[in-house]
Structures are given as C-alpha cells and as structure tokens.
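1. Have a look; sequence and predicted model below, questions after that.
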Amino acid sequence: MRLRLTLLSAFVAVVCGVSAPAVAQTSGEAAATITRVDTSNAPNVTLTVAVEGALASQPLDPSAFTVVVSGEEEQAALVGLPTDPIEVQLVLDTSGSMRGAPIDAARAAASQLVDRLPASVSIGVLGFGDAPYTIIDATTDHDAVRGALAGVQVGGETAMYDAVVAVSQRFTAERRVVVLLTDGADTVSAATLDAASGALRATAGLVYVVALDTPETDLAAAQQLADSAGGHVELAADPSALGDVYASIAEQLSALYEVSFVARSTGSTGIVVRISADGISAEAETRVSVPVAAADEATTGTLPAVTADANARSERVGSPGLLERNWALPFAVVALFVALLLAALLLTSRPARPSQLAVTREIRRASRGGAVKNLTEHAMGVAEGYLERSGRRRGLEAALENGGISMRAGEAVVLVVTFAFGMFAVGLLAGGPILALVLAALVVGGSHLALTMRVERRRARFAEQLEQTLPLMAGGLRAGFGIMQALDSVAEDAEEPTAGEVRRVIAETRLGRDLGDALAAMADRVGSDDFHWVVEAIDIHRQVGGDLAEVLDKVAETIRDRNRIRRHIEALSGEGKLSALILFALPVGLFAYLSAVNPDYIKELTGRGVGVALLLGAGALMVVGGLWMRRIIRLVF
C-alpha cells in the first residue's frame, strides 16, 4: 500500500506539473542548491544556483556547469556570477510580538549575515510594525547597516503585506534578494496577501521567508509569498535558531550563479544542475513546470550560446503532459490488460485444428469453457466471418499451411490483433498516439512479413532436401517396395518439412484421396517446380508403367545439376548482396552512432525542417535503391 501511495503521489506530481522543491546533493566537500527557478520568459529558463563548501571559495567558469533536463544534457549559458552587483533588502518584523529575546536574536542574526556577505553587496533594511518604515537605505557601507540594526526598536501591530509591497519598490540593482523575517500573521495591512505575492513576483528576485515558529505564525501565508517568486521558507524553531538560518542564507548569497537554458518541452520537467571543478563536484535537482502560454509567446532566446530558432524547436519537440490528454492512461492500461489476457488465452489454451469428426466435440467443449474462453472463441468466430466475407480466409489458411503453422485463420488474426492492441497501449503510455499507431502498424506488418519469410524458408528447405529424398524413394522401389511403402520410408527417414508433408500425403490416401491428387496438392503447398516434375513422372508411371526408380534417378540427377548451377549463381551474386546490405546499413548505423556519441551534431539536422525533409528524402531513396538492387540480384531460374 505504501508503494502504491508513493507511485500515485509521483504520478500526480508529474501530470499536474507541480514544481518540486530543489534537492541539494553533496560530494562531502561541496554542496549546491537551486534557490530559484525563473520561467517567466519561457521557453528560456533561468536557474539561480547557490554553491556552498569548497566550490564556493573559487570562481567557477561556464565549463563547470552541466544542465540535465529529463535525462538529456542541454546547452546552457552562465548569465550571472557572484561578482555581479547584488542588492539585498532585509525586511524585519518589529511588531510588539518580537519584544525581548526574538528581536535581540534577529538583530544578531541580521548583523551576522551582513558580516558574511561580500563588501560589494548593497544592503538595505526595512522594518514593519503598524506600518512599514525605512531603517536604512541600500548601501555598501556595512558598518552603517550594522549600526542601524543595533538601533531597531519594537512595537505595534503587524503590517507584513504592506512591507512586502513597499520593499518591492525599493530595488535599484538588477539582481535582487529579499530576506523577510516574520513571527506572526498580518493584522493591519491595507494590502492583501495576493497583492503582496504579486509584488514579490514582480521584483524578479530571490526571496527567503524566515518564519519564527510561534503560535501566531501564519505558515500558509509565508509559503505563498515564497512560492510567488520561486523562493523558500526557512523555519526557525526558536529565536536561537535564527543565527544558523541567516548564516546559511549568507553562505548561499556569497556564491550565487545564474544558469540559463532553453526548455524543449512544456509541462512538468525534471532538472539537474551538476557543478564540477578541480576534482570537487556537487549537484542539485528540482522539478519545475514550464508554462505553455509563456512558451508560445516567447519569440527570441536570451542565451548567448543558444541559437535563435530554439523557440521553434521547442514547439516542435515539446509534447503535452498526461493531464492534457487525461484519457490516455486509463485507456492504455485497459487496452494493455485486455491484450495480455487474450494473448495468454490464445497461447496457453489454443484449441487444436478441428477435423470433420471432431466438430461436435469441439462445440461442446466451447459451450463448457467458461465466459472468458467463450469470449475468445467468439472473437475468433468474428475474425473468421470477416475473412470469409472478404474472401481472404482461404489465402490466409493456405499461407499458414505452407508455413507449417498449426493454427486456424481466425486464431492468427485474433493473435496478431491482440499483440497490435498491446503494443498500441505500450506506445500510448510511452510516447503518445503517434508512437502507439506506429507500433501497432509494425506488429501487423511484421507478422505478415514473418509469415512470408517462414513460408519461403520452409520451401527452400524442402527444395534442398529433394535431391536426397528422390534417391531414397528410388532405393525403396528397387528393393521391391510399392510406391506407398517407398513414401512411408521417406516419411520415417527424411527431415522436416519433407517428412511432415509426406506423412500428410499418406494420411490423405488412406482416407480415400487419390495419390496423384494428394501429391499434386503437396507440390502446390511446397511451391517446388522440381517436385511437380516428380509428381508428373509418378502419374505417367501409374498410367503406362515402366521403371519408376530409373525415372526418379534421372529426375534427381537433373535436380542436382539445377541446384549446382543455382548455388554457383548465388555465390557469384553474393558480393552484390553483401554490397547492398552494407550500403543500406551504413547510413543507418552511422546515424545511430552519431546520435549516441554526439547528439548535438545530429540535432542540427533533426531540429530543422529542412533537415527532416532531407532525412525523409534520403530514406525514400534508400528504399528505392534497396528494391532495385534486390531486383538485380534476384535469381530467376
């Protein structure tokens, strides 16, 4: 049950496109955290990455960053460095509830943050009680900031939303950080929570909401404020924990990098950022939702290293999530279940080929077989009825017979349709309706091709065995056997498929069919011109008499000569066949190899309309060339 709930939660997160919180991973010496994700300019996505530990003490270049989106590395650009100007606005709750230990701890924690930030960082402080007020404007004079913090007094109600709106209007630098401290719910603001959230979102900056855990703390409002700007809520269990919280924020702000890339798809997307330098590595991961509307409206990329046609490629490659086609999952699951059930029934309890003597018994067994088996029988009946009406039943049954497959035409159709249905469901789950239709078509076409190849291989084996079969018959006739006894010895000593075909001839003659007719039907099944000669020789012998053994020896000698010439021609044409195979497989293999080792190189071809048209044209020409070469080297003998 726990596993099911976990899978259900993961599925809901994926289909709804909910942004998952960033997860930091560390190598023991360093750590990284994705502190903010900006999708406002989709498909351009900008990640703010805070580097901590050993990696924070050294400058990192673009080669140190790797962005992996949905398991594939993406071209990314480093658009923000720790040395870029940053403006930090500290918003302090100075209402009456902060009196005593809370405000003392807040002053000390804020001063510690100021001490840890680089001297180039501009810092401003805004307080709020009954109304927001300026404690100190943004400045790089950190001594003045610490002095202003030391003089902070408390009193009044809590106008947190008004303070958030006010701080959003104070920034002058492009890189902006808001650190908001609160210990209770808003009580007197003129602004609403939605207005405050919108103001934070408009700042396009990094937001930390530090919530001091008290009975009056409004965690829901704090979370909404943080989520509105893609920020974080840091919960301090008591005033003494504020120092550690602010120290962690200071360490993150000291090494902020901004990485930008172009998202290829919309909806929920998993992102991993890997940082590696001087043998030290760290990575952070998150899941974000790239908005569809914004991605459609974006016309140009902001990445220095990304081509301008990224938006067109994003629209072309992107695919909607399961939520946008919510019929797909239940339909595919039901289809897959039905396909597996029918396939299991057909493969494990397939009824044998019925004879005229067993029809009544077969009907009785079907009536007692249960609902599921009756359903299978009904499906086969419907399939056979369709084949009969369309005039395809006899042809399919003949092909199954010629291929040595003991299966009725209706069974074969139901089995193929079942597997096609199952592959359709798999394709629907894996990649959508187009992939599902392609897989289903491959099953249908592949089954037809497999049957054709099986018939051809069986006929080729019979033709190879015929030059040994005829001397065996001739030897039996010279030993005094009749034609039926000679055939019986062939059925015992020959290999398949010759033995099986001869046994069928013997069975048909014992049931009353003329030997000549049975042998002629066998010749039609195996599709051998040489065996047709044998049948004609036997018919002539039965009409006029003579030494049938000598006739069979002459026919066998002729067949051996023909086979020797055929094999010689096949050897001479082997080079052409090998050349055709190599010429056909080389482009496909090279394309697959380059796709694996250098996908960006191939994307220059597959990511453009002209490239796709060239690929389709090349594929069509290869098919035409393959058919042409096959026609040239095909032996007509």
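-> Sure thing, it's come through. Numbering: from 1, shown residues only.
2. For residue 475, give me its contacts.
-> If a contact means Cβ atoms under 8 Å, 6 or more residues apart in numbering, then residue 475 has residue 549 as its contacts. C-beta: built from backbone N, CA, C; applies to glycine.
3. need the helices for the stretch 201-350 of the chain, in chain order.
-> Across the stretch 201-350 of the chain, reading from the start of the chain, the helices by DSSP state H, counting those that start in this stretch fall at 219-228, 242-253, 292-297, 310-317, 328-348.
4. Which of those comes out lowest on mean pLDDT?
-> Ranked by mean pLDDT, the helices of the stretch 201-350 of the chain end with helix 310-317 at the bottom, a mean of 35.
5. ok, then the element right after the biggest helix by length in the chain?
-> In the chain, ranked by residue count with DSSP state H as the criterion, the top helix is helix 548-597. Using DSSP states H and E, the helix or strand that follows helix 548-597 in sequence is helix 599-606.
6. List of residues touching the following helix or strand past that following helix?
-> Sequence-wise, the next helix or strand beyond helix 599-606 is helix 609-633, with elements assigned using DSSP H and E. Contacts made with helix 609-633 from outside it, assessed by Cβ under 8 Å, 6+ apart, are listed as 573, 576, 577, 579, 580, 583, 584, 587, 604, 605, 606.
7. Neighbour-wise, give me the winner out of those residues.
-> Neighbour counts for these peak at residue 580, which has 17 neighbours (criterion: other Cβ atoms under 10 Å).
8. How much space separates it from residue 574?
-> Look at residue 580 and residue 574: by Cβ to Cβ, to the nearest Å, they are 11 Å apart.
9. What of residue 134?
-> The gap separating residue 134 from residue 574 is 90 Å, by Cβ to Cβ.
10. Which pLDDT value goes with residue 368?
-> Per-residue confidence for residue 368 comes out at a pLDDT of 46.
11. Just list the residues touching residue 158, thanks.
-> Contacts for residue 158 were tallied using Cβ under 8 Å, 6+ apart; they are 93, 95, 97, 128, 129, 182, 184, 185, 186, 187, 188, 189.
12. ok, 6 Å please
-> The neighbours of residue 158, taking Cβ atoms under 6 Å, 6 or more residues apart in numbering as the test, are 95, 184, 186, 187.
13. about what we covered before: for the longest helix of the chain, the averaged confidence score.
-> Confidence over helix 548-597 (mean pLDDT, whole number) is 82.
14. now the angle from it to helix 609-633?
-> Note on geometry: by axes from the mean of the first three to the mean of the last three Cα atoms, to 10 degrees, helix 548-597 and helix 609-633 are set 160 degrees apart in direction.
15. For residue 125, give its distance to residue 240.
-> Residue 125 sits at a distance of 22 Å from residue 240 (criterion: Cβ to Cβ).
16. How about residue 101?
-> Counting by Cβ to Cβ, the gap from residue 101 to residue 240 is 8 Å.
17. Show me the domain layout of the chain.
-> Each domain of the chain is listed here as a residue range: 14-82+260-311, 86-254, 326-431, 464-566, 567-637, per automatic domain parsing.
18. Would you mind listing the residues in contact with the closest residue to residue 470 other than its chain neighbours?
-> For residue 470, the nearest residue in space outside its immediate sequence neighbours is residue 556; the separation is 3.8 Å by Cβ to Cβ, 6 or more residues apart in numbering. With contact taken as Cβ under 6 Å, 6+ apart, residue 556 is in contact with 467, 470, 471.
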